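Undergrad: sequence and predicted structure below; questions after.
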Amino acid sequence: MRLATVILGRNLPETTDSLVERFLAHDTGNNDIFVVESGTQQDRLSQYSTSWANWDDAMQHGLRFPRGFNFGLLDLVRRGVLQDYDYIFLTRNTIEFEGPLASVLLDEAQRHPHVGILSPCEVDWAEREYLNGRSTAYVWHVNHLAWLISRPFVECLMERHDPSYMNLLYDGSNFRGYGADTELIIKGYMNEFATALTTRALFRENTDLVRNHADLMKTEPYDVNHRLVFSEGEEWMRRKYGFNNRLQMQAYAKMAYDRFFELHPDCQHLRLS
């Protein structure tokens, strides 16, 4: 099984380099690493950069994760290598972990052929309690910080005719991405791809980077960005789907989740009660 790891970063070269080197130390073998620079200043590029969003709007505002991961996947398409990989690990450069991570996720994904999205568990997530002692279970909501996605899942949902950083997989009009994770989970379940959370692989998000280095990252202060994430995301949900809050969107995701188990009763033991 071959894996492409796509790391999204902006203006924090030391952080990105450290993450790449952690993958190289612990996840060697069939893991090719691609680093997406999301509007990074030229003098702050990671030494491992493979693609650079450097047009005016990207330089001013960055890409955030929907446009950023679209851009990273688009790079794989343009290189003609997407077909070479069985899975793609999409992660922000703010994650930290001990020991192997990507290889553990890859091993777990192969145990679950119906899974299109597999997320490791953040050490502080309350969701761990819902697994009831299981190492892996299928879910209808999980935050998008680090996702392993299968190539068939990407190929099923991706824009085929005119892919761009705005539309390849995520809806780039949802700039800060609030609800973009749930939208992909819904689309996955409607196409018989499950989303899973596993505690076999754990990570931690370094929120101090976002809180303390907004100036280096060329983003709004943490509190301002946090407020905009919710307000812009809820407006996107209302405009696109008619949902007035995330709970309504998650209720729709739960409907798709329940339908999946009607079609795949053999997976009932992986269902949250």
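TA: Arrived safely. Model, not experiment: these values are computed from the prediction. Residues are numbered from 1 along each chain as shown.

Undergrad: relative to Ser49, how far out is Gly177?
TA: Gly177 is 22 Å from Ser49, where distance means Cβ to Cβ, to the nearest Å. C-beta coordinates here come from the backbone N, C-alpha and C atoms, glycine included.

Undergrad: comparing the two, which residue is more hemmed in?
TA: Gly177 (22 against 18; other Cβ atoms under 10 Å).

Undergrad: now do the SS call for that one.
TA: coil (DSSP: H, G, I helix; E, B strand; the rest coil).

Undergrad: could you check the pLDDT of it?
TA: You'll see Gly177 listed with a pLDDT of 95.

Undergrad: do the same with Pro100
TA: 92.

Undergrad: for Asn244, same thing?
TA: pLDDT, Asn244: 93.

Undergrad: just Thr28 next, same as before
TA: 66.

Undergrad: same check, this time on Ala126
TA: 88.

Undergrad: tell me how far it lies from His141.
TA: For Ala126 relative to His141 (Cβ to Cβ), the value is 12 Å.

Undergrad: those two: which is more packed in?
TA: The neighbour count for Ala126 versus His141, taken as other Cβ under 10 Å, is higher for His141 (16 against 7).

Undergrad: contact partners for Tyr178?
TA: 229-230, 232-234, 236, 246 (Cβ atoms under 8 Å, 6 or more residues apart in numbering).

Undergrad: restricted to helices, list those.
TA: 229-230, 232-234, 236, 246 (DSSP state H).

Undergrad: let me see the backbone angles for the residue lying closest to Asp124 once chain neighbours are set aside.
TA: Excluding its sequence neighbours, the residue lying closest to Asp124 (Cβ to Cβ, 6 or more residues apart in numbering) is Arg204, at 7.4 Å. Dihedral pair for Arg204: phi -130, psi 140, per degrees, to the nearest 10.
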